[in-house]
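Peer 1: the amino acid sequence is not available; the structure is as follows:
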């Protein structure tokens with residue numbers, strides 16, 4: 001089955017200019033329009049959601065140097081020191097970050113977040129105002145490691161099935 005996105009919208013955002021420091025870090029991302037968010041999240045529990053929507057977390061304007069380990073990203077952990085794989089979003093592997101920071105203005109990363117959100121909205125620490133992303137480096141940060149995160153966004157993508165005719169065919 002072919003999917004085409006008919007509508008994408010930002011439903012949560014954090015403009016950060018965030019600098020990663022050694023250790024585990026948790027970042028709050030705020031939902032923008034509560035009615036849109038409630039509609040999307042209410043559908044997470046239904047079988048209709050999986051066939052009509054996607055959720056993606058975007059890390060935008062990543063800059064820094066090449067001294068960073070892989071950084072695991074988790075959604076709404078109840079205990080930062082015991083990460084639950086059901087809350088796992090993905091790994092920030094920032095190879096070439098130094099070069100792209102100098103010549104291309106940085107990097108962006110996109111993660112499919114639907115599975116983690118399905119789990120997180122059932123947890124007792126869930127909030128309709130914001131969610132938390134926890135960044136856990138796979139190994140201790142080098143004291144000279146630098147990572148700046150410009151923005152984090154959560155997108156909801158509405159899908160339609162079938163093929164569409166384009167005027168450019």
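Peer 2: That came through, no problem. Computed from a predicted structure; not experimentally measured.

Peer 1: tell me which element residue 12 is part of?
Peer 2: Element membership of residue 12 [criterion: DSSP states H and E] is strand 3-19.

Peer 1: any idea which residue sits dead centre in this protein?
Peer 2: residue 57 (2.4 Å; Cα atoms, centre = their mean).

Peer 1: surely that residue meets residue 110?
Peer 2: Yes. Residue 57 lies in contact with residue 110 (Cβ atoms under 8 Å); the separation is 7.3 Å. Heads up, the C-betas are built off the backbone N, CA and C, glycines and all.

Peer 1: can you name the element that comes right after the least confident helix or strand in the chain by mean pLDDT?
Peer 2: The weakest-scoring helix or strand in the chain, judged by mean pLDDT, DSSP states H and E, is helix 47-52 (a mean of 52). Once the chain leaves helix 47-52, the next helix or strand it forms, by DSSP H and E, is strand 53-64.

Peer 1: for that following strand, the distance to its chain's centre please.
Peer 2: Between the centre of strand 53-64 and the centre of its chain there are 5 Å (Cα atoms, centre = their mean, to the nearest Å).

Peer 1: what sits opposite the residue nearest to the centre of the chain in the beta ladder?
Peer 2: As for beta bridges, residue 57 partners with residue 111, residue 154 under DSSP bridges.

Peer 1: ok, it to residue 103 distance?
Peer 2: 26 Å (Cβ to Cβ, to the nearest Å).

Peer 1: for residue 97, which residues are in contact?
Peer 2: Contacts for residue 97 (Cβ atoms under 8 Å, 6 or more residues apart in numbering) come out as 62, 63, 64, 65, 66, 68, 106, 107, 147.

Peer 1: are any of those residues buried, and if so which?
Peer 2: 62, 63, 64, 65, 68, 106, 107, 147 (16 or more other Cβ atoms under 10 Å).

Peer 1: which of those lies closest to residue 17?
Peer 2: Distance to residue 17 across the buried ones among the contacts of residue 97 (Cβ to Cβ) is lowest for residue 63, with 10.1 Å.

Peer 1: pLDDT at the nearest residue to residue 92 once chain neighbours are set aside, what is it?
Peer 2: Setting aside the residues directly before and after it, residue 92 is nearest to residue 71 in space (Cβ to Cβ, 6 or more residues apart in numbering), at 4.3 Å. Confidence at residue 71, expressed as pLDDT, is 96.

Peer 1: nothing else from me, thank you.
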